[in-house]
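*Asks:* Predicted coordinates and the sequence they were generated for:
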Amino acid sequence: MKHLIRQSRVGRAVFALVLVAATLVGAAQASALSRQDIYNLLNSGLSPDLIVNVIRSSTAPVTVTEGEITQMRAEGVPEPILAELCVRVGCGAAPAPGPGPGPGFGTPGLEQEFERQRALEEERRRQDMQRMEEEREAMRRRMAEEEARQGAAQAAIGDLLRAERLLRDRRYVQAASTFAEYLGAQRPAPGSEEYGRALFGYVKAMFGAGYRYSVRQEVLELALMGPQTPFFEEAFDMLATVVSELDVTDPRIEALANMTVGHMSQAFQDRFSFTLGRAFRSFGDAARAQQIFERISADSPERARAYHLSGTMYLAANQNRRAVESFQSAVSAARRTGLQDVEELAHLALARILFSIREYDAALYYYQKIPSASPRRPQAIFETAWAYFMKNDFDRAVGTLHSLHSPFFQRYFWPELYVLEAAAYFETCNLRDAELAVAMFRRNVASMQQDVEQFRLLTVSPEAMWAAVVEYYDRLGTDGANLLPQAAVRTVLRHPEFLAKYEQLNLLIAEAARLRRDGAALGAWTDDLVNEIDAQIEVRRIDAGLFVDRRLEELSNELTDWSVKAQEVDVEITVELRRMIARQREGSVTGEGGTSTFVLAQDWQFWPYEGEYWLDEVEHFRANLTNYRDADNRCVIPEDSL
């Protein structure tokens, strides 16, 4: 009975083992066979052969790796099992067989693995807890930083509002300083609303305080932010002022031409197009400038200016017909918009073009359009004399030239005036007057060439050259020590570039002085800016001095040319006098007409309307010359010389 009971117990144990194996086999067939599955089979008490059969009968993939097989061998897993696993997964050559695992293998090895797995799990839980705590601490820090940032942002907004209040109250220096502090401390991201708002406030405050060069980069940056910003129009107008007053150009301005401003006012669109067109003209891109000028509306004041600049570009390209059309359009547009200055410039340009193509009567028509009160009137009168001379109207030519000797025009200087008079006298055979005109040229004009060259030789510094001219200009032409003859100085002053360079330099000098005065209130950053402007002043003084030297060199060369022409006239006078003397031996032949009113006493010439200038009549003054030429175009002897 006991034997049967023992057999029954053994049978139940075998049955249980078979059941476990069947269960494991089923599980293996349902999913992948892993390393842990092998340990479970060993722990259940199955023999290695049975486990090998389980592995062979499983259709599921084996996920045991070669590395795990090596570890299992070290842990004592029977070699048949490992060999079967290697068949399934592929392994290198197996090492020489060693001693078997011995009785009781399953339980101690599996317990060690279970312990290792528990230790790993506990370490993972510990690390997870540590990570969670670190994340909570980081979150607390971020919350504290955000609170601090929000507090600082509120304080910064307060500073920005305070700066804007100062700007509205026209306390420009304090406002500029506050805006600069905000930008330096808060460092808002470029392109952000706060950055644009603060930068615009800073530039506007600096502009209000009289600064231009100091913010040339910032105002361009504002404009380049585009028309979508609320301050674009005002920023662009400030940029146009900087470019106009200081002749500051930057290639980045070209990018503005790609912006669309059609949603803005027509007046702004016109200003925008004119400024960009003028910039492209200065860059040498005439075609693009013309294209942009065409966008300006017909009734805009900018249209007249654009027509005038277009005319100058066509003239530079030797397109006279298109230049004439542009200048004529400039006249019409200037009249509609009341731009007297542009109208005068266009009339003068038209006169010069017509003179160059020998249309002298048409040229005279436009010269006479220059009003008597215009600063361009003296030059127009002189060029009128040239037109009369070229059309052989010597009475009007000499009369007009003679009027330029009047006290009203004493501040002006034309080197060829006496030579032109001498030529006109010679053409009418008023040889004595021609000789006197040549003598006056040599005494009053040609003689200064030596002084000009001496000045250029002794004045080695461009800055000194500029200072000499500016000193005369600042004295308004009054007498005083000057190394240059006044007439030579006036030649420089007449050039359009002089006044532009003079005003630009004065603006920079005033700005540097203003920065030194406001530096303490604006901040330490102004020191570098002062140094930069001082350097710019020095560069521009050198450039202006070189400009003076070029003008004086041109004057010297011009004096040489006119001296040669005066000598030619003098030679012709001598030759003609000899011919007259030779003919006089045969009998005197006298001329017809009035006597020259210009051969008078010691002064030779005089202005009969002392104290009365009659500006609207001076170019109509006639010499009433006697033409001492006979039918054969030969000079004859005047009656009063017999």
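*Replies:* Received it, and whenever you're ready, just let me know what you need. Numbers count the residues shown, from 1 in each chain.

*Asks:* tell me, what residue is most central in this structure?
*Replies:* Closest residue to the average C-alpha location of the chain: residue 250 at 1.1 Å, with CA atoms, centre = their mean.

*Asks:* tell me the contacts of that residue?
*Replies:* 216, 220 (CB atoms under 8 Å, 6 or more residues apart in numbering). Any C-beta I mention is one placed from the backbone N, CA and C, and that applies to glycine too.

*Asks:* how close does it sit to residue 540?
*Replies:* Separation of residue 250 from residue 540 (CB to CB, to the nearest Å) stands at 17 Å.

*Asks:* now do residue 382
*Replies:* Separation of residue 382 from residue 540 (CB to CB) stands at 31 Å.

*Asks:* Comparing the two, which residue is more hemmed in?
*Replies:* Just comparing residue 382 and residue 540: by other CB atoms under 10 Å the higher neighbour count belongs to residue 382, 21 against 18.

*Asks:* Wait, that one touches residue 415, no?
*Replies:* No: here residue 382 lies out of contact with residue 415, judged by CB atoms under 8 Å, at a distance of 11.1 Å.

*Asks:* For residue 38, see how far away residue 491 is.
*Replies:* From residue 491 to residue 38 the distance is 111 Å (CB to CB).

*Asks:* How about residue 279?
*Replies:* Applying CB to CB, the value for residue 279 to residue 38 is 84 Å.

*Asks:* now swap in residue 247 and tell me
*Replies:* Taking CB to CB, one finds residue 247 at 90 Å from residue 38.

*Asks:* Those two: who's more crowded?
*Replies:* residue 38 (24 against 13).

*Asks:* Which helix or strand contains the more buried one?
*Replies:* helix 35-43 (DSSP states H and E).

*Asks:* Alpha carbons only: can I get the helix or strand just after that helix in CSV?
*Replies:* Using DSSP H and E, the helix or strand that follows helix 35-43 towards the C-terminus is helix 48-57. The C-alpha trace of helix 48-57 is given here as CSV (Å, rounded to 0.1, in the frame of the first residue of the first chain):
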residue,chain,number,x,y,z
PRO,A,48,18.4,18.9,-20.2
ASP,A,49,17.3,16.4,-22.8
LEU,A,50,13.6,17.3,-22.3
ILE,A,51,14.5,21.0,-22.5
VAL,A,52,16.4,20.3,-25.8
ASN,A,53,13.2,18.6,-27.1
VAL,A,54,11.1,21.6,-26.0
ILE,A,55,13.5,23.9,-27.9
ARG,A,56,13.4,21.7,-31.0
SER,A,57,9.6,21.4,-31.0
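
*Asks:* Tell me the span between the first and last residue of stretch 275-292.
*Replies:* Terminal residues of stretch 275-292 are spaced 9 Å apart (CA to CA, to the nearest Å).

*Asks:* List the contacts of it.
*Replies:* Outside stretch 275-292, the residues that reach it (CB under 8 Å, 6+ apart) are 236, 239-240, 243, 249, 251, 253-254, 256-257, 273, 293, 296, 306, 309-310, 313, 316-317.

*Asks:* how far does that stretch sit from the chain's center?
*Replies:* Centroid separation between stretch 275-292 and its chain, computed with CA atoms, centre = their mean, to the nearest Å, is 13 Å.

*Asks:* Now it: buried residues?
*Replies:* For stretch 275-292, the neighbour count (16 or more other CB atoms under 10 Å) marks 275-281, 286, 288-290, 292 as buried.

*Asks:* Determine the set of other helices and strands touching the helix or strand where residue 506 lies.
*Replies:* Assessed by DSSP H and E, residue 506 sits inside helix 496-522. Applying 3 or more CB pairs under 8 Å, 6 or more residues apart in numbering; DSSP states H and E, we find helix 496-522 packed against helix 172-186, helix 232-246, helix 462-474, helix 526-584.

*Asks:* Indicate which one of those helices is closest to residue 438.
*Replies:* Closest approach to residue 438 among the helices and strands packed on helix 496-522 (CB to CB): helix 526-584, 5.0 Å.

*Asks:* Quick check: mean pLDDT of that closest one?
*Replies:* Per-residue pLDDT over helix 526-584 has a mean of 91.

*Asks:* Equivalent analysis for stretch 463-470, please.
*Replies:* In this model, stretch 463-470 carries a mean pLDDT of 91.

*Asks:* ditto for stretch 312-326
*Replies:* Here stretch 312-326 scores 95 as its mean pLDDT.

*Asks:* List of residues touching it?
*Replies:* 281, 286, 289-290, 307-308, 310-311, 349-350, 353, 356-357.

*Asks:* for stretch 205-221, same thing?
*Replies:* 163, 166-167, 170, 172-173, 175-176, 179, 199, 202-203, 235, 238-239, 241-242, 245-246, 248, 250, 252-253, 507-508, 510-511, 514-515, 518, 529, 533, 536.

*Asks:* and the residues you listed, which are buried?
*Replies:* Buried, going by 16+ other CB under 10 Å: 163, 166-167, 172-173, 175-176, 179, 199, 202-203, 235, 238-239, 242, 246, 248, 253, 508, 511, 514-515, 518, 529, 533, 536, out of the contacts of stretch 205-221.

*Asks:* For residue 208, give its distance to residue 201.
*Replies:* Counting by CB to CB - residue 208 and residue 201 are separated by 10 Å.

*Asks:* what about these two, which has more around it?
*Replies:* Neighbours around residue 208 and residue 201, counted as other CB under 10 Å, are more numerous at residue 201. The numbers are 23 against 15.

*Asks:* in which helix or strand would I find that one?
*Replies:* Going by DSSP H and E, residue 201 is part of helix 193-208.

*Asks:* where's that helix relative to the chain centroid, distance-wise?
*Replies:* Centroid separation for helix 193-208 versus its chain: 20 Å, with CA atoms, centre = their mean.
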